[in-house]
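Novice: Quick one, structure for this:
(chains A, B and C)
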Amino acid sequence: MKKSLLALAVLGAFAGAASAQSSVTVYGIMDLGVRSTDNGNPLGRTNGIESGNQSASRIGFKGVEDLGGGMAATFQLEAQIAADVGGTSNTAIGSQNQTFNRLATVGLQGAFGKVDLGRQTSVIQDAYNAIDPFGDGGIAGITGFFFNGNQLSGDAGRISNSAKYVTPSFGGFTARAAYSFGESAGDTGANSSYGLGAAFVNGPLNVQFGYHNRDTSAQTLTTTPFVQTGEGKFTFVGATYNFGAFKLHGAYADSKVQTGTIALPLSASTKYRNAMVGVSVPVGPGTIMGTYAINDNRSAADSDAQRISLMYSYDLSKRTNLYTGYVRTSNDNGSRISLAPAAPLGESASVFTVGVRHKF
Amino acid sequence: MKKSLLALAVLGAFAGAASAQSSVTVYGIMDLGVRSTDNGNPLGRTNGIESGNQSASRIGFKGVEDLGGGMAATFQLEAQIAADVGGTSNTAIGSQNQTFNRLATVGLQGAFGKVDLGRQTSVIQDAYNAIDPFGDGGIAGITGFFFNGNQLSGDAGRISNSAKYVTPSFGGFTARAAYSFGESAGDTGANSSYGLGAAFVNGPLNVQFGYHNRDTSAQTLTTTPFVQTGEGKFTFVGATYNFGAFKLHGAYADSKVQTGTIALPLSASTKYRNAMVGVSVPVGPGTIMGTYAINDNRSAADSDAQRISLMYSYDLSKRTNLYTGYVRTSNDNGSRISLAPAAPLGESASVFTVGVRHKF
Amino acid sequence: MKKSLLALAVLGAFAGAASAQSSVTVYGIMDLGVRSTDNGNPLGRTNGIESGNQSASRIGFKGVEDLGGGMAATFQLEAQIAADVGGTSNTAIGSQNQTFNRLATVGLQGAFGKVDLGRQTSVIQDAYNAIDPFGDGGIAGITGFFFNGNQLSGDAGRISNSAKYVTPSFGGFTARAAYSFGESAGDTGANSSYGLGAAFVNGPLNVQFGYHNRDTSAQTLTTTPFVQTGEGKFTFVGATYNFGAFKLHGAYADSKVQTGTIALPLSASTKYRNAMVGVSVPVGPGTIMGTYAINDNRSAADSDAQRISLMYSYDLSKRTNLYTGYVRTSNDNGSRISLAPAAPLGESASVFTVGVRHKF
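Specialist: Next up, the predicted model:
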């Protein structure tokens, strides 16, 4: 269609069309609101208009092509937006900015399931997003910002240079597997990661499991072999049950993170355990959501934390809603969990927001 | 629509559609032409093909959702483009490039007026754009590049982390107010700005007023309070009257800019006064536009400047036109106003351009 | 259309439309696959999922407006994508990232031919792309990565600040000319380039010629005149003939590259000669493509190279295909041609890939 349009143009023969067809859907979310943050800074609170209070602001392009025989080709490109300043990611990877930092995939799907290549969510993040009442992104997302030592939230929960496979549904059961290449010369394992996941969705019940294993390696010179300098093992299991009048959410996570250097590989180890209970309740033309979560630092004394998150989303339409939310984190003397930047050790941190989210 | 498409895809049941619907309008301007610049460089003129001679090149995404009851939700993302090299802004704000540097907003509108959050034009720039015969961007825009000490043109005329409110029209009269958060810990005023504006549009008459107040603050350490190091106060008033055969334009601006350091807050002060008279005349399938403007530097002797701008826009269609323009700035011995880079002190500067502008 | 939508929104009168019309076509390619590269690194092969194995991944926006009388206005913006990581170009040009690094043009076309301004392919790259069986981008493209000392492949084959003219077809014959401004103060020739090309396309025969001349200049201080520090002269001629059952491809290129410094202008000179023979054969629902090419370094002994490229593209639809490819480069003791990074001197380099390409 596009090429024929251009060809027609060259011939100087036009239909005078003011519109153009495309196989691409442009979509996204704009989420902006006033946010007041007390992260324990002795100067006081910081107030502002911030992006991504309920959901990360984003713009994307996607399409589906029917290949016949029950098969389809898909693509998706999705960029996170700092809508308060008009920003996109400038994380540098070689001669690239990671503009499409949320998704950059091409995939094939059919009776065999779905395979995607590119940059995409890890399977453990797929499990997070299906359980957390606050869903994907936003400041109240307990699983994203609080679980697993905050090592897998946001961009850290996404994997580049990767392949992911999701099975078809067998009576509500699906399994997922993903592998991210480390692309390290002479050592396929170096800097690679893999994940395994499973889900069971049937009527009111939704059970999700995810595991993520990450290798970190470095080399002294480009001519010397890679040495493992870190490893992370992350497990997540969660469930929701919809009773109609309300929905219960629960999750548990276990993490073991080892860090080191080329000289002292895997010298340090930190273990975390997390648990969350939550509820979401339809109220009027909207939903009240709340979670309570704990972080149990098993490698250091007096370093645990608790967090409570509350939000009310008031729907103006299916695509647009107002929201107000409150998140409070209580840190033990050795803990400093907050929304970035980190709170001083032992300080509690809280954030309040009111804003609007528009899906397009 | 988008989600159902994807859901259909997963089920392997397609309509074989080659097109996709979207609630998003992709729009923009491509403006490229030959430009010859004499900015007083002793080596001589610089010739090239440049972007944004008549209007800034840009690409944007926007949408409007009807919420019923006379209300609507809107969003807009707009990136300026250096179309001569294929560039977008790399201004860094934390881990972000300010790609959508012109607009990143979500808004609600109804009988109460319109509220927008995000990055947007200041209300003083809204007034500029409604009076200047050369409108938004471009090299001939006398108000944008010349008025108010050139401190509010282009990106400088836009405000991040902001809320803007525009009233409904009361018999042609509207008012505007905007506030941009400074987002400085413990000091809400530090680095904030605000603006107030008003407009009266009735038949051939268009009157615009805008005021912008900007605070600049800094802190020695992240633990010490902010100290005010600068302030800008900018006032603009202008009007146009359409006589049919031609349209008159006039504007006046007053500016007071104070700068300093943490050690010597607000030590220096500069005052400017500006005036502009202009005309736009429909001629054939196009328009001739011209302005004459002065910059009166009230804080330094022999530092004034005058500028004359001329442009002819020849319409090939409603969306596409050819143009040719000439801008000449005469500087006193202590002035160096030019298009960037600045002219040597006292040198006159001129620029000539011919090109094409296409709106899509 | 877009403005009237917004105007309606301000009036609070909506049609409740969930769709929006646009004159813009969003298009692109997502090409991702497993790639295994042996570039002579003594540590061994590098394996990964890479973007652009058959064609460069990209996203673009374009449109055509009928101006009547056989004339049209066109625009195009096209960004290359590193789809494996979600990246776009961060090449900095002043305050810009070269996001739309492939194309940023506005043009007019009619009975006189077509003129485009902005950033676009050089005319020698237009000739490459029409002859190489592997076409535009991708790792097997012999002309792009191997010919002309690899000085004109990818971004290097594109010209910013440029004007290009293509004649109408006279019985299958077209000519092309392009000029890229150097935009150097007081010296129009400094850092400029120009190109001349011609094509004859008639039935099964396609003949292409392209010439590119590039000046490199520098100045000691911004106040001293530019001095020429380099020059490149590149010639390409190629042809294809379609016998129906298969298509033959052949090309020859000649290059002279001079480099120097301000102190020693044009002190060094390197000459290359290249030749390629290739074939593309429709096989089943796809195509087998192969080329054999040589690089004759005429300025250094024992520094030649040969390359063989093979690829099979299996079509799932007109827009989507699977592919597998193999490229092997044999270097003489003084040559180190590879896919980036360069092979050690005298080492052979090979790459194997299998993946999927989806056009949207």
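
Novice: Let me know how buried the residue lying closest to residue A:98 once chain neighbours are set aside is, in neighbour terms.
Specialist: Spatially, and ignoring its direct neighbours in sequence, residue A:98 is nearest to residue A:91 (4.3 Å; Cβ to Cβ, 6 or more residues apart in numbering or on different chains). No exception for glycine: its C-beta is placed from N, CA and C like everyone else's. Neighbour count of residue A:91, defined by other Cβ atoms under 10 Å in any protein chain shown: 18.

Novice: which phi and psi does residue A:91 have?
Specialist: With angles defined as degrees, to the nearest 10, residue A:91 sits at phi -60, psi 120.

Novice: residues touching it, list them.
Specialist: A:97, A:98, A:101, A:155, B:95 (Cβ atoms under 8 Å, 6 or more residues apart in numbering or on different chains).

Novice: List only those of the residues you listed flagged as buried.
Specialist: A:97, A:98, A:101, A:155 (16 or more other Cβ atoms under 10 Å in any protein chain shown).

Novice: ok, now how distant is the residue nearest the centre of chain A from chain B?
Specialist: The centroid of chain A falls nearest to residue A:154 when counting by Cα atoms, centre = their mean (4.4 Å). With distances taken as Cβ to the nearest Cβ, to the nearest Å, residue A:154 is found 11 Å from chain B.

Novice: and what of residue A:75?
Specialist: For residue A:75 relative to chain B (Cβ to the nearest Cβ), the value is 11 Å.

Novice: okay, stretch A:125-133 in PDB with CA atoms only?
Specialist: Taking Å, rounded to 0.1, in the frame of the first residue of the first chain, the C-alpha atoms of stretch A:125-133 are listed here in PDB:
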ATOM      1  CA  GLN A 125       8.200  -9.700  35.200                       C
ATOM      2  CA  ASP A 126       5.300 -11.200  33.300                       C
ATOM      3  CA  ALA A 127       4.300 -12.900  36.500                       C
ATOM      4  CA  TYR A 128       4.700  -9.700  38.600                       C
ATOM      5  CA  ASN A 129       2.400  -7.800  36.300                       C
ATOM      6  CA  ALA A 130      -0.300 -10.400  36.400                       C
ATOM      7  CA  ILE A 131      -0.500 -10.400  40.200                       C
ATOM      8  CA  ASP A 132       0.300  -6.900  41.500                       C
ATOM      9  CA  PRO A 133      -3.000  -5.000  41.800                       C
END
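
Novice: re earlier: surely the residue nearest to the centre of chain A meets residue A:139?
Specialist: No. If you go by Cβ atoms under 8 Å, residue A:154 and residue A:139 don't touch, sitting 11.3 Å apart.

Novice: Does residue A:127 belong to a helix, a strand or coil?
Specialist: helix (DSSP: H, G, I helix; E, B strand; the rest coil).

Novice: list the contacts for it?
Specialist: A:197, A:199, A:208, A:209, A:210, A:236, A:237, A:238.

Novice: among those residues, which are in reach of chain C?
Specialist: Restricting the contacts of residue A:127 to those within reach of chain C (Cβ under 8 Å from any Cβ of the partner chain) leaves nothing.

Novice: For chain C, state which of the residues you listed is nearest.
Specialist: Closest approach between these and chain C, by Cβ to the nearest Cβ: residue A:197, at 19.2 Å.

Novice: Which strand or helix spans the closest one?
Specialist: strand A:193-202 (DSSP states H and E).

Novice: Outside of that strand itself, list whatever touches it.
Specialist: A:122-124, A:126-127, A:130, A:159, A:169, A:171-180, A:182, A:206-215.

Novice: got the buried residues for that strand?
Specialist: A:193, A:194, A:195, A:196, A:197, A:198, A:199, A:200.

Novice: starting at the chain centroid, how far to it?
Specialist: Distance, stretch centre to chain centre, for strand A:193-202: 15 Å (Cα atoms, centre = their mean, to the nearest Å).

Novice: cool, stretch A:245-260 as well?
Specialist: 14 Å.

Novice: Likewise for stretch A:73-92?
Specialist: On Cα atoms, centre = their mean, the centre of stretch A:73-92 falls 13 Å from that of its chain.

Novice: For it, list the C-alpha coordinates in PDB.
Specialist: In PDB, the C-alpha atoms belonging to stretch A:73-92 read as follows (Å, rounded to 0.1, in the frame of the first residue of the first chain):
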ATOM      1  CA  ALA A  73       3.500 -12.400  12.500                       C
ATOM      2  CA  THR A  74       3.600  -9.600  15.100                       C
ATOM      3  CA  PHE A  75       5.900  -6.700  15.900                       C
ATOM      4  CA  GLN A  76       6.000  -4.200  18.700                       C
ATOM      5  CA  LEU A  77       8.100  -1.100  19.600                       C
ATOM      6  CA  GLU A  78       7.400   0.700  22.900                       C
ATOM      7  CA  ALA A  79       9.200   3.700  24.400                       C
ATOM      8  CA  GLN A  80       8.900   4.800  28.000                       C
ATOM      9  CA  ILE A  81       8.200   8.500  28.300                       C
ATOM     10  CA  ALA A  82       9.100  10.900  31.100                       C
ATOM     11  CA  ALA A  83       6.000  12.900  30.200                       C
ATOM     12  CA  ASP A  84       6.700  15.700  32.700                       C
ATOM     13  CA  VAL A  85       9.700  16.800  30.600                       C
ATOM     14  CA  GLY A  86       9.100  15.200  27.300                       C
ATOM     15  CA  GLY A  87      11.900  12.700  27.700                       C
ATOM     16  CA  THR A  88      12.800   9.300  26.300                       C
ATOM     17  CA  SER A  89      15.600   7.000  27.500                       C
ATOM     18  CA  ASN A  90      19.100   8.100  26.800                       C
ATOM     19  CA  THR A  91      20.700   4.900  28.200                       C
ATOM     20  CA  ALA A  92      23.600   4.400  25.800                       C
END
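
Novice: need the contact list for the closest residue to chain B within the stretch 51-200 of chain A.
Specialist: Closest approach between the stretch 51-200 of chain A and chain B, counting by Cβ to the nearest Cβ: residue A:87, at 2.7 Å. Listed by Cβ under 8 Å, 6+ apart, the contact set of residue A:87 reads A:81, B:93, B:94, B:96, B:97, B:98, B:99, B:100.
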